[in-house]
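Engineer: Have a look; sequence and predicted model below, questions after that.
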Amino acid sequence: QVQLVESGGGLVQPGGSLRLSCAASGFSLERYTICWFRQAPGKEREGVSCISNDDGNTNYADFVKGRFTISRDNAKNTVYLQMTSLRPEDTAVYYCNKDPGRSYIPIGSWGQGTQVTVSS
């Protein structure tokens, strides 16, 4: 089955860190630019960060710059999102998706996401 599976979320205190994983199943992730998105309760889904498939270029939403780092390991067919200095406002369900233009316009179907809760 062709799908992206997110994992790594959890409950963390403000200032803490988490690493999310986006694993591809049924296809080779290295052919695709991948972006992370998030959706907080009562809010629309928003783009967080993207990484290109060819040159590894990245981009970040202003609200995560300097705190989050996106990376990919094509050998493991996985894209990661390292999140540091987490804030309560980072609480959301995080998703990954294919996004050829790195413009937060995804082209694939959504997975189940992974819940990140930042709270003391």
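Structural biologist: Structure received. Numbers count the residues shown, from 1 in each chain.
Engineer: Kindly confirm my reading that I105 is in a strand.
Structural biologist: No: using DSSP: H, G, I helix; E, B strand; the rest coil, the assignment for I105 is coil, not a strand.
Engineer: now it, nearest residue through space, not along the chain?
Structural biologist: Nearest residue to I105, sequence neighbours excluded (C-beta to C-beta, 6 or more residues apart in numbering): D99, at 6.3 Å. Every residue, glycine included, has its C-beta placed from N, CA and C.
Engineer: I figured that neighbour was touching I70, is that so?
Structural biologist: No: applying C-beta atoms under 8 Å, one finds D99 not in contact with I70, separated by 11.8 Å.
Engineer: what sits opposite C50 in the beta ladder?
Structural biologist: Beta bridges link C50 to C35, N59, judged by DSSP bridges.
Engineer: For this protein, which segments count as helices?
Structural biologist: With DSSP state H as the criterion, the chain has no helices.
Engineer: Cool, thanks, talk later.
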